[in-house]
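**Student:** Fold the following and give me the result.
(2 chains)
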Amino acid sequence: MTQGDTDLITESDQRLDIPWEVVLWNDPVSLISLVVRVLRALFSYDLAKAERLTMQVHNEGKSIVWSGDKEQAAAYCVALHGYALSATIQQSQ
Amino acid sequence: MSEPFRRVPEGISIDLPDPLRTWLAEQARAAATDAVQMEHPVHRRLLGPIDPSQDHDDPVTELQRQFGVEGSLGVLIETAHESLLSEVQAEEWIRALQLILAATAARLAITDEETLSRLSEENAEIVTTLQAGISLMIDALDA
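**Tutor:** Numbering: from 1, shown residues only, chains lettered A, B, ... in the order given. Have a look, this model is predicted:
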């Protein structure tokens, strides 16, 4: 890319490069063991990482459990909803 | 009572009293009915938009999610009185029990630990029964 091209990039174009995040929210009824199991199965996380993220959700109210392209983030979010877990997607700040 | 869910060579065996099976199927039907009513709290909880900056998901995602909810609850309804589940059906039971639990939480406006702790004895028992079922099914599937 040349310097001249850079002048033509708009703010919305730049945001295409910003990753999307899957945010998992705490809910008072879902079991910790269920959340750990789903995170391991869905993202292939090892037990330690799945437990750390789950405890972050439990203690802090939410956790960013994955980031990457929008389509994959949406697919992961839908899969989490399949287990009735509260999840949303957002673009990184 | 013996273990309600147990791994056997053919899959997952279920040993639950008939009234509990009937109750689970009724809860699954109620969750499926409430989930498609746009203004119902169960709809917002189970099928609210995945991107909170939008009013709703794109149509494909919306349908995909609705089919997922109806599919999982449908498997539980259809197999509620079976004595043996395949592993795939057992995994759908976990999803369905979670969906019923979330629907129950939405109806009872359980939003945090405090509202959970203030439930009536009857409603608290419903929540703990569903949580126990999920936990026991996970144990059986992962055994």
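
**Student:** what's near enough to touch the residue nearest the centre of chain B?
**Tutor:** For chain B, the residue nearest the mean C-alpha position is residue B:97 (2.4 Å; C-alpha atoms, centre = their mean). Shown in contact with residue B:97 (C-beta atoms under 8 Å, 6 or more residues apart in numbering or on different chains): B:24, B:76, B:130, B:133, B:134, B:137. In this view, the C-beta of every residue, glycine as well, is placed from N, C-alpha and C.

**Student:** How much space separates the residue nearest to residue A:39 when sequence neighbours are not counted from chain B?
**Tutor:** Spatially, and ignoring its direct neighbours in sequence, residue A:39 is nearest to residue A:50 (4.1 Å; C-beta to C-beta, 6 or more residues apart in numbering or on different chains). Distance of residue A:50 to chain B, computed by C-beta to the nearest C-beta, to the nearest Å: 13 Å.

**Student:** For the chain, which segments count as strands?
**Tutor:** In the absence of a named chain, chain A is used. Assignment of strands within chain A using DSSP state E yields the ranges A:20-25, A:62-68, A:87-91.

**Student:** My question was about chain B, not that one.
**Tutor:** So, for chain B - with DSSP E - the strands run B:5-8, B:11-14, B:84-85.

**Student:** So residue B:102 is in contact with residue A:27, correct?
**Tutor:** Yes: with contact defined as C-beta atoms under 8 Å, residue B:102 reaches residue A:27; the gap is 7.3 Å.

**Student:** show me the residues around the residue of chain B most remote from its centre that make contact.
**Tutor:** When distances are taken from the C-alpha mean of chain B, residue B:53 lies farthest, 27.2 Å away, according to C-alpha atoms, centre = their mean. Contact partners of residue B:53, counting by C-beta under 8 Å, 6+ apart, are residue A:90.

**Student:** same thing but 6 Å
**Tutor:** With C-beta atoms under 6 Å, 6 or more residues apart in numbering or on different chains as the criterion, no residue contacts residue B:53.

**Student:** In terms of pLDDT, where does it sit?
**Tutor:** Looking at residue B:53, its pLDDT is 87.

**Student:** Understood, closing this out.
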